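[1] one predicted model, sequence on top.
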Amino acid sequence: MPFLILNLCGVLKFKAMAEKYLKDSGLPYTILRPGRLTDGPYTSFDLNTLLQATSGTKRQVEIAQGETLLPEATSRIVLAEACVQVLGLQETENEEYEIGSTEGPGPESDVAKW
């Protein structure tokens, strides 16, 4: 989703405020920033819902740090698996990642591929 649309109502501003609050809390954290979410559930009134967007065969994962990756879309399936994976990896503690989905089979639960 274009950043101008997201920020029209301050969405990005409030996301940044929430991230800062979390970082300043002293609690361990891992921040995952996905692109536009695909693969339902389609519960909001947006273009994604209208098109019933799916990732199809886009299960390969792109991960980057430092806001260098601007993913167009991220499968909810991929994002959920990433959330589960970061829980068991100390290397991800107090880190931030952008995550997207591209064409390919994806790592699924193979920790070595994450």
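    Sure thing, it's come through.
[2] tell me the first helix or strand C-terminal of the longest helix along the chain.
    Assignment by DSSP state H gives helix 11-24 as the longest helix of the chain. Next helix or strand after helix 11-24 toward the C-terminus (DSSP states H and E): strand 30-34.
[3] pLDDT below threshold where in this protein?
    When residues are selected by pLDDT under 70, those of the chain lie in 1-8, 40-59, 106-114.
[4] in it, which spans are helices?
    So, for the chain - with DSSP H - the helices run 3-8, 11-24, 47-51, 76-87.
[5] could you export these as TSV, including mean neighbour count?
    The C-beta positions use only the backbone N, C-alpha and C, and glycine is treated the same way. Formatted as TSV, the helices of the chain follow (neighbours: other C-beta atoms under 10 Å):
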stretch	mean neighbour count
helix 3-8	11
helix 11-24	12
helix 47-51	12
helix 76-87	17
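[6] circling back to that earlier point, which elements pack onto the longest helix of the chain?
    helix 3-8 (3 or more C-beta pairs under 8 Å, 6 or more residues apart in numbering; DSSP states H and E).
[7] between helix 11-24 and the strand ranked longest in the chain, find me the angle.
    Longest strand in the chain by number of residues (criterion: DSSP state E): strand 95-102. Counting by axes from the mean of the first three to the mean of the last three C-alpha atoms, to 10 degrees, strand 95-102 lies at 140 degrees to helix 11-24.
[8] cool, thanks, talk later.
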